[in-house]
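A.B. asks: Below are the sequence and a predicted model for it; my questions follow.
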Amino acid sequence: MPGAGKSQFQCCYRLGGSVLPKSTYQGSSFFELLQNDYPQLLPDLSAWQQSSPVAVPHGTTVVAMRYGEGVLVGGDRLATAGHSVASRDVVKVFATDSYSLMAISGAAGPSIEMARILSVELEHYEKIEGEALELEGKANKLSQMIRQNLPAAMQGLAVVPLFAGFDQRRKHGRLWKFDITGGRYEEAEFDATGSGGLYARESIKHGWRPDLNRADAVELTVAALTAAADEDRATGGVDLERRIFPVIKTCDDSGLYDAEESDIERIYRAILDRRASGGASS
């Protein structure tokens, strides 16, 4: 029962071998628990209040789309710092719980931290309340976190994610995009963000339809990220030499699914073959 869960919440927390004082917070939000009882554990945004932006790794292109049975979220693996490669192997797509996904673009450090905090937040809510938060409520939680990051975003450390999941009450996939103030906007079909987002959206536009199956949605995503990598130097695409592939996850009524690297490679090689023969690239 939800009430029983809350009564058990009067306990001590252990961190790094030290026992923290007993919590007095009675709600079900992990983020508000930290604000109320353990503010020293929150990210210190004041550290980023500087007169000039800091050169930090930035994630680039991520996409999200609905398909017949659910939703898909995908992203390339490249992170850049200015005109330099910061990392070729960054993961930008995260499962935040069993029925929701988040893709990050913008400042890589705060973005990854936000995805992890959201995952803990949703798990914490479910344990305390005895049931999972509804999908729209999960999007609202992420919106609040983005709003908290606004001071850092004004210093160039923006977090601009995509969020998607399977709505178990409505029985279909849904997706949202966000701005740096925490504003959230639901998209009915697809969206892409990051430096190559424009090119990815244009590529998806030519092949998207509401009755796509999962395999077709994965193929369309690989084509979109390949098109973005062609036009945007900060987008990584598929790196066959280093065996680095985009991360693509789908979510439907049966849960989460990771696209196999072998399938991504097969799709990408088919794109290259079409280009070599003078055919369309996507």
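C.D. replies: It's in.

A.B. asks: and D263, how many neighbours does it have?
C.D. replies: Number of residues near D263 (other Cβ atoms under 10 Å) recorded here: 15. All C-beta atoms are positioned from the backbone trio N, CA, C, and that covers glycine.

A.B. asks: Pretty sure it sits in a strand.
C.D. replies: No. Counting by DSSP: H, G, I helix; E, B strand; the rest coil, D263 is located in no strand; its state is helix.

A.B. asks: what's the average pLDDT for stretch 28-46?
C.D. replies: On average, the pLDDT along stretch 28-46 is 69.

A.B. asks: start the count at 3, not 1, going forward
C.D. replies: All right, first residue 3 from here; so that's stretch 30-48.

A.B. asks: now the helices: where do they sit in the stretch 3-152 of the chain?
C.D. replies: 4-9, 32-39, 110-131, 137-150, 152-155 (DSSP state H, counting those that start in this stretch).

A.B. asks: and of those, who's closest to A231?
C.D. replies: Closest approach to A231 among the helices of the stretch 3-152 of the chain is made by helix 110-131 (17.9 Å; Cβ to Cβ).

A.B. asks: Counting by contacts, list what the closest one packs against.
C.D. replies: Applying 3 or more Cβ pairs under 8 Å, 6 or more residues apart in numbering; DSSP states H and E, we find helix 110-131 packed against helix 4-9, helix 32-39, strand 60-61, strand 95-99, strand 102-105, helix 137-150.

A.B. asks: Convert it to PDB, retaining C-alpha atoms only.
C.D. replies: Output of helix 110-131 as PDB, limited to C-alpha atoms (Å, rounded to 0.1, in the frame of the first residue of the first chain):
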ATOM      1  CA  ALA A 110      27.500  16.200 -21.800                       C
ATOM      2  CA  GLY A 111      28.300  16.300 -18.000                       C
ATOM      3  CA  PRO A 112      25.100  17.900 -16.800                       C
ATOM      4  CA  SER A 113      23.000  16.000 -19.300                       C
ATOM      5  CA  ILE A 114      24.300  12.600 -18.200                       C
ATOM      6  CA  GLU A 115      23.900  13.500 -14.600                       C
ATOM      7  CA  MET A 116      20.300  14.700 -15.200                       C
ATOM      8  CA  ALA A 117      19.500  11.400 -16.900                       C
ATOM      9  CA  ARG A 118      20.800   9.400 -14.000                       C
ATOM     10  CA  ILE A 119      19.000  11.600 -11.400                       C
ATOM     11  CA  LEU A 120      15.700  11.200 -13.300                       C
ATOM     12  CA  SER A 121      16.100   7.400 -13.300                       C
ATOM     13  CA  VAL A 122      16.600   7.400  -9.500                       C
ATOM     14  CA  GLU A 123      13.700   9.900  -9.100                       C
ATOM     15  CA  LEU A 124      11.300   7.600 -11.000                       C
ATOM     16  CA  GLU A 125      12.500   4.500  -9.100                       C
ATOM     17  CA  HIS A 126      12.200   6.300  -5.800                       C
ATOM     18  CA  TYR A 127       8.700   7.500  -6.600                       C
ATOM     19  CA  GLU A 128       7.500   4.000  -7.500                       C
ATOM     20  CA  LYS A 129       8.900   2.500  -4.200                       C
ATOM     21  CA  ILE A 130       7.300   5.200  -2.100                       C
ATOM     22  CA  GLU A 131       3.900   5.400  -3.800                       C
END
